[in-house]
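>>> Build me a structure from this.
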Amino acid sequence: MLPPLPSLRTHLRAVIKDKNRQGHTTTGLTDELERLPDSYDALHAFSKRIATLPLREDWPYIEPAASSCFGIA
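Below you'll find the model as predicted:
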């Protein structure tokens, strides 16, 4: 059984919000989501796109050193 389309839209809105907080480029995606037709195929294609959003250019991400990740001195 598939979830109702309004539930999927609500979930995708939350994913966009989370992605934005994590530093991904999300400009215009909420508006684009609202313009999508009520279609599982359209929402699925959109979800695949937002899964691979790039980080914003100005996001201060620093790759952690292996030693700090694994407690290596």
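>>> Report how many residues lie close to residue 35.
Using other C-beta atoms under 10 Å, the number of residues around residue 35 comes to 7. In this view, the C-beta of every residue, glycine as well, is placed from N, C-alpha and C.
>>> which one's the longest helix in this structure?
Secondary structure assigned by DSSP state H gives helix 5-21 as the longest helix of the chain.
>>> In it, which residues are buried?
Across helix 5-21, burial judged by 16 or more other C-beta atoms under 10 Å covers 8-9, 12, 15-16, 19-20.
>>> same question, stretch 20-34
So, applying 16+ other C-beta under 10 Å, buried residues of stretch 20-34: 20, 24, 26, 29, 33.
>>> what two of those are the furthest from one another?
24 and 33 (14.6 Å; C-beta to C-beta).
>>> could you give the mean pLDDT of stretch 5-18?
Stretch 5-18 carries an average pLDDT of 97.
>>> Appreciated, that's everything.
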